[in-house]
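Q: Structure of the sequence below:
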Amino acid sequence: MKTSIWKQLRALLVASCLLLAMGQSLTWAQESDSKQDSTTTPGQSPTDLPNAPAPAPGETPKSDPGPMQQIEDRSRQAAQMTGHLATSELIRARNWESTWIEGVFVPVDQPRLTLTGKQRRQIYLRQTLTTPGAYMKRMFGAGIDQARGVPSQWDDGWGGFAERFASREGQFITANTLAALGNAKLGYEVRYDQCKCEGLWPRTKHAFLRNLLTYDRSEGHLRPQWALYGGAFGGGVISTVWKPSPKNAFANGGWAVLGQLGYGTLLNFVTEFSREINRKQGVRP
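A: Residues are numbered from 1 along each chain as shown. This next block holds a predicted model:
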């Protein structure tokens, strides 16, 4: 009976996560549609040609093009507008998707400013619940677990994938919530700041160290990431409630801390070199 209840809760969590992700995607699609509609003047189709200018005094008016020429001109203009629109929307989509991985950070050309309580809540929601990336990353991790067949008690079908995804999502939400509460209490910075330095090694070193250290409320002194790793450990311990036996709370917490060390460093590295990565992909100049 207890196992059945946990399966129902996990299924409900998966459905809620997918609905939130679909809602974010629908919102972006609606924004794209509204942008596309704004390029057309009301009552005028995109292929309408502007009125021809009146001939100057004494100038012999040119003969009007024939019907076939008008059709060709309209078709050429429509093709050009469609091509420009498709290109702009493709770039917009790629830019939008690139933020799934990077998350919230302080660019190299901007100063660090102490976060308000409202800003902390917005960052927490964006990193945890309200962006598609928060769910896509857990789906990717669940896919790896599915391929490895862990936990072995969960099957290899869609039901097993749903359980693995729900388990990862539950652990992630728990860890992020504990870390957000701890950082708010300590007044610690929750964003990554790009290094104001040059060179591969200095920037790589900065990305690694910032996964271990963060700034206090003065934004000038580095402190250990107590809340971040405490939240990761707590999320791993609490996840033993729904994971199958054999259960070892401290082992799960330890693996979660190691996961934060590796994943957090990788995320910082990608964020640090996002300009170069985006330039290679043609996403942003």
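Q: Gln225 contacts Tyr215, correct?
A: No: Gln225 is beyond contact range of Tyr215, at 10.6 Å (criterion: Cβ atoms under 8 Å). C-beta coordinates here come from the backbone N, C-alpha and C atoms, glycine included.
Q: Residues that sit against both of the two, list them.
A: In terms of Cβ atoms under 8 Å, 6 or more residues apart in numbering, Gln225 and Tyr215 are both contacted by the residues Tyr188.
Q: out of these two, which sits in the more crowded spot?
A: Gln225 (24 against 19; other Cβ atoms under 10 Å).
Q: so what's the more buried one up against?
A: Gln225 neighbours (Cβ under 8 Å, 6+ apart): 188, 211-214.
Q: pLDDT weak spots in the stretch 101-250 of the chain?
A: Residue ranges of the stretch 101-250 of the chain with pLDDT under 70: 101-103.
Q: can you map out the helices along it?
A: 117-128, 132-148, 158-186, 200-209, 226-238, 249-272 (DSSP state H, counting those that start in this stretch).
Q: What subset of the contacts of Gln225 is buried?
A: Taking 16 or more other Cβ atoms under 10 Å as the criterion, what is buried in the contacts of Gln225 is 188, 211, 214.
Q: And these, which is closest to Glu163?
A: Asn211 (29.4 Å; Cβ to Cβ).
Q: Could you report the neighbour count for the nearest residue to that closest one once chain neighbours are set aside?
A: If the residues on either side of it in the chain are set aside, Asn211 comes closest to Gly264, at 4.1 Å by Cβ to Cβ, 6 or more residues apart in numbering. Other residues near Gly264 come to 20 when the count uses other Cβ under 10 Å.
Q: now, among the buried ones among the contacts of Gln225, which is nearest to Trp201?
A: Distances from Trp201 to the buried ones among the contacts of Gln225, taken by Cβ to Cβ, are shortest for Asn211, at 16.3 Å.
Q: is it true that the closest one touches Thr271?
A: No: in this structure, Asn211 is not within contact of Thr271 by Cβ under 8 Å, at 10.8 Å.
Q: buried residues in stretch 113-125?
A: For stretch 113-125, by 16+ other Cβ under 10 Å, it's 115, 120, 123-124.
Q: For Ala227, give me its contacts.
A: 178-183, 185-186, 188.
Q: List the residues that contact the spatially closest residue to it that is not a sequence neighbour.
A: Closest residue to Ala227 apart from its sequence neighbours, by Cβ to Cβ, 6+ apart: Gly182 at 2.9 Å. By Cβ under 8 Å, 6+ apart, the residues touching Gly182 are 188, 226-228, 230-231.
Q: I'd like the residues you listed written out as CSV, with distance to Gly157 added.
A: Listed next are the contacts of Gly182 as CSV, based on distance: Cβ to Cβ, whole Å:
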residue, distance to Gly157
Tyr188, 42
Trp226, 41
Ala227, 38
Leu228, 35
Gly230, 36
Gly231, 32
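Q: where does Asn278 land on pLDDT?
A: pLDDT, Asn278: 75.
Q: on that earlier part again, so which of the contacts of Ala227 is the most crowded?
A: Neighbour counts for those peak at Ala179, which has 26 neighbours (criterion: other Cβ under 10 Å).
Q: Against Asp155, how distant is that one?
A: Per Cβ to Cβ, to the nearest Å, Ala179 is found 32 Å from Asp155.
Q: Which residue comes closest to Leu228 once chain neighbours are left out?
A: Spatial nearest neighbour of Leu228, chain neighbours left out: Ala179 (5.0 Å); criterion: Cβ to Cβ, 6+ apart.
Q: still on that earlier bit, return the closest of the contacts of Ala227 with respect to Val241.
A: For the contacts of Ala227, the nearest to Val241 is Leu178 (14.6 Å; Cβ to Cβ).
Q: For the closest one, which non-adjacent residue is spatially closest?
A: Gly231 (3.7 Å).
Q: what's the neighbour count on the one you found?
A: Gly231: 24 neighbours (other Cβ under 10 Å).
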